[in-house]
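J.: below is the sequence, then the predicted model.
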Amino acid sequence: MAQPWSIIESIATDDGTLELRQRGERDFMIMLGPQVLMNSLANRSEVVLGQLGCSHLVESEHARVLVGGLGMGFTLRAMLDTLPPTAEVVVSELNPTVVEWCRGPLAALTENAVNDPRVVVEIGDVAHRIRRSAVNGGGARFDAIILDLYRGPHAKTHHSDDPFYGSRAIENMRAALKPCGVVAIWGEMYDEAFDKRLRGAGFTVTTDRPGRGGLRHVVFVGQLKPSKKTGKHAS
């Protein structure tokens, strides 16, 4: 018989009650109201997201990466394992309690990834962080932007105004990236319209379905194309 879940902590948010549960030594679950956001024993797509988003930076001396959403830290751990020791990773997480969980009861799952010296944690909306980098340009831009949010692009996403997956948000990500930068985005399932919006904004897009059996999540990877007019990379 399976062990019952015990509630480690429960907090109220604008979207509902956010809850961390545990059963056994390494079996954790984060819930938002009745919805399971993540289970520590089912993290394959998050790991692949981090790997694919940073694979082009393995030999980069000054890689700078933004990840939106911390979750249990599995995407961050995969990024750190892929990136060189000179990299900088900015984590934009909306809820400070999630950061506390990753530094506390969840730390052993990721070898305390959130406290890696390469990591800078910022509490706030990642969409705002991307817009700020897009406006400031120059050294504020990133080599990769990775979105690991609990709700990915889907058929009902507003094509222009969605703050993360709409065409305006994609243009902001484009402007916040360095030449030939990469976006990597987690989703519950493949969304053709989102794929087309990425391509329309100048990204070369590939998708990966890393799950095994049942519902298989998707990872969208978009890389900026070189500029055809000048022969230089797009900015």
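T.: Perfect, I can see it now.
J.: need the residues that contact the top strand by length along the chain.
T.: Longest strand in the chain, counting residues (DSSP state E): strand 177-187. Residues external to strand 177-187 that are found in contact with it (Cβ atoms under 8 Å, 6 or more residues apart in numbering): 45-46, 49-50, 52-53, 56, 64, 75, 141-149, 152-154, 165, 173, 194, 198, 203, 217-224, 226, 232-235. C-beta: built from backbone N, CA, C; applies to glycine.
J.: mind redoing it with 7 Å?
T.: Outside strand 177-187, the residues that touch it by Cβ atoms under 7 Å, 6 or more residues apart in numbering are 45-46, 49, 52-53, 56, 141-148, 152-153, 173, 203, 217-224, 226, 233-235.
J.: right, and Asp143 touches Ala63 too?
T.: Yes: Asp143 lies in contact with Ala63 (Cβ atoms under 7 Å); the separation is 5.1 Å.
J.: please, which helix or strand holds Arg129?
T.: Here Arg129 is covered by helix 126-136, with elements defined by DSSP states H and E.
J.: counting by contacts, list what that helix packs against.
T.: strand 142-147, helix 167-175 (3 or more Cβ pairs under 7 Å, 6 or more residues apart in numbering; DSSP states H and E).
J.: just want the angle from the first one to strand 177-187.
T.: Strand 142-147 and strand 177-187 meet at an angle of 20 degrees, taking axes from the mean of the first three to the mean of the last three Cα atoms, to 10 degrees as the criterion.
J.: so what's the nearest residue to Gly124 once chain neighbours are set aside up against?
T.: Counting by Cβ to Cβ, 6 or more residues apart in numbering, Ser92 is the residue found nearest to Gly124 once chain neighbours are left out, at 6.0 Å. Neighbour list for Ser92: Leu66, Gly68, Glu122, Gly124, Val126, Arg129 [criterion: Cβ under 7 Å, 6+ apart].
J.: circling back to that earlier point, may I see the buried residues of the longest strand of the chain?
T.: Buried positions in strand 177-187, judged by neighbour count with 16 or more other Cβ atoms under 10 Å: Leu177, Lys178, Gly181, Val182, Val183, Ala184, Ile185, Trp186, Gly187.
J.: so the fifth one bridges to which residues?
T.: This points to Val183. In this entry, Val183 is beta-bridged to Ile145, Gly222, by DSSP bridges.
J.: any idea how far Pro84 is from it?
T.: 20 Å (Cβ to Cβ, to the nearest Å).
J.: now the third one
T.: Using Cβ to Cβ, Gly181 is found at 17 Å from Pro84.
J.: quick one: buried residues of the helix or strand bottoming out on mean pLDDT in the chain?
T.: Within the chain, no helix or strand scores below strand 35-39, which has a mean of 94 by mean pLDDT, DSSP states H and E. Residues Leu37, Met38 are the ones in strand 35-39 that count as buried (16+ other Cβ under 10 Å).
J.: my read is the residue nearest to Gly124 is in a strand, agree?
T.: Yes: using DSSP: H, G, I helix; E, B strand; the rest coil, the assignment for Ser92 is a strand.
J.: model confidence score at it, please.
T.: Ser92 is assigned a pLDDT of 98 by the prediction.
J.: likewise Leu215?
T.: pLDDT recorded at Leu215 is 59.
J.: repeat that for Pro226.
T.: Reading off the model, Pro226 has pLDDT 76.
J.: Leu20 contacts Ile8, doesn't it?
T.: Yes: counting by Cβ under 7 Å, Leu20 does reach Ile8; the two are 4.5 Å apart.
J.: just the endpoints, please. Distance across stretch 113-121?
T.: By Cα to Cα, to the nearest Å, the extent of stretch 113-121 from end to end equals 11 Å.
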